[in-house]
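Trainee: Everything below, folded, please.
(one chain, ligands or ions: 1)
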Amino acid sequence: MLMVLDRFRLDGRTAVVTGGAAGLGQAFALALAEAGARVAVIDRDPATETAQVLGERGFSVAADLAKEEQVAVAVGRILEWSGGKLDILVNNAGIATPPARLLDVSVDEWDRAITINLRSMFLVTKALLPELIASGRGSIVNLSSYLALVGVYPDFPVTAIPYATSKAGVVGFTRQIAVEYAKDKVRANAIAPGWHLGTKLGREAEGKISTEEYRRFADFMESSVPMGHTGRPDNLVGLILYLASDASSYLTGQIIAHDGGITAA
Ligand SMILES: NC(=O)c1ccc[n+]([C@@H]2O[C@H](COP(=O)([O-])OP(=O)(O)OC[C@H]3O[C@@H](n4cnc5c(N)ncnc54)[C@H](O)[C@@H]3O)[C@@H](O)[C@H]2O)c1
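Mentor: Residues are numbered from 1 along each chain as shown. Below is the predicted model of the structure:
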């Protein structure tokens, strides 16, 4: 009989984590490796620290995932490393756009968010789907955001329409893949995180938020997150292991908010 905790083990499996150089992606890569998987990370930044901790279990490639030719090269190198095997894909790479309401959002900001947050997910998934199908137990986990599920009040200048829209796109992308490839035994689910601090997300907004705006953000955090505080990247590792492993073998097409209760309030 299979012991319950064994269902979370990933021995013999191979995973790819995009955006694994830092933040949530790094936490995901290390957790998957700890559960037994071999893990390749792709990031536009060098994933030196992640690669060092992963050691022989890991592999890292630098690529801008919004660029089709760079995705093709990175995927080719990873499949060479893995012997053509892949069981788990975590589409985590993403950017946040600087805070602004719609009238102040430039077309360039819109294009950048959609390109990096959505186009890259399409390119990477398309390139690796044949191997996930061949696995017979493929699992895709996409990073959306709670901002795909609810709006934040209009004078709260911490996020913007391009980001929220791109993350809502991830919801449709996830559900459609889940349905299209369910008979091929590929599952697809998404995580919609609330605020998990300690990552580099939003670094582009640094210096653009006034002290007053930051104070309002901190007040919002305390008053509007039912649990009363933000999350940390390592709060998400249990969920990634659940979604990546056989522990969730009958779960597909779901968007799981991980947000201290914001979307329940
Ligand atoms: N941290 C949060 O509170 C939070 C909340 C909701 C959603 N998310 C989502 O989780 C994911 C990870 O966020 P994070 O907080 O760890 O951010 P982060 O900035 O710390 O990490 C994102 C990683 O993606 C990489 N990346 C960005 N654009 C890339 C590109 N074009 N090609 C290759 N790599 C690229 C970055 O170099 C970085 O290493 C993102 O998709 C983000 O939108 C995070």
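Trainee: contacts and neighbour counts: CA atoms only from here.
Mentor: Fine.
Trainee: in stretch 184-203, what counts as buried?
Mentor: If you call a residue buried by 16 or more other Cα atoms under 10 Å, then stretch 184-203 has these buried ones: 184-196, 201.
Trainee: contacting residues for residue 20?
Mentor: Counting by Cα atoms under 8 Å, 6 or more residues apart in numbering, residue 20 makes contact with 26-29, 41-43, 47, 50, 92-93.
Trainee: and with 7 Å instead?
Mentor: 26, 29, 41-43, 47 (Cα atoms under 7 Å, 6 or more residues apart in numbering).
Trainee: got it, and residue 228?
Mentor: With Cα under 7 Å, 6+ apart, residue 228 has these contacts: 221-222.
Trainee: how would you label it: helix, strand or coil?
Mentor: Classification of residue 228 using DSSP: H, G, I helix; E, B strand; the rest coil returns coil.
Trainee: Got phi/psi on it?
Mentor: phi 80, psi 0 (degrees, to the nearest 10).
Trainee: Residue 21 and the ligand: what is the separation?
Mentor: Applying Cα to the nearest ligand atom, to the nearest Å, the value for residue 21 to the ligand is 4 Å.
Trainee: Any regions of the stretch 101-250 of the chain where pLDDT drops low?
Mentor: Scanning the stretch 101-250 of the chain with the threshold set as pLDDT under 70 gives 153-158, 202-209.
Trainee: mind listing the strands in it by residue range?
Mentor: Ranges of strands within the stretch 101-250 of the chain are 138-143, 186-193, based on DSSP state E, counting those that start in this stretch.
Trainee: near the ligand, which of the contacts of residue 20 show up?
Mentor: Applying Cα under 6 Å from any ligand atom, the subset of the contacts of residue 20 adjacent to the ligand comprises residue 43.
Trainee: in terms of contact, does residue 71 touch residue 124 like I think?
Mentor: Yes - contact criterion Cα atoms under 7 Å: residue 71 and residue 124 qualify, at 6.5 Å.
Trainee: same for the top helix by length along the chain, what does it pack against?
Mentor: Ranked by number of residues, the top helix in the chain under DSSP state H is helix 161-180. The contact analysis (3 or more Cα pairs under 7 Å, 6 or more residues apart in numbering; DSSP states H and E) places helix 161-180 against helix 107-114, strand 186-193.
Trainee: which parts of the stretch 101-250 of the chain sit against the ligand?
Mentor: Counting by Cα under 6 Å from any ligand atom, the stretch 101-250 of the chain sits next to the ligand at 116, 143-145, 193-197, 199-201.
Trainee: so what pLDDT did the most centrally placed residue in the chain get?
Mentor: The residue lying closest to the centre of the chain (Cα atoms, centre = their mean) is residue 92, at 2.5 Å. pLDDT for residue 92: 98.
Trainee: ok, now which ones touch it?
Mentor: Per Cα under 7 Å, 6+ apart, neighbours of residue 92: 17-19, 25, 142-143.
Trainee: for residue 74, same thing?
Mentor: Contacts of residue 74 by Cα under 7 Å, 6+ apart are 61, 63.
Trainee: Which helix or which strand is home to it?
Mentor: helix 68-82 (DSSP states H and E).
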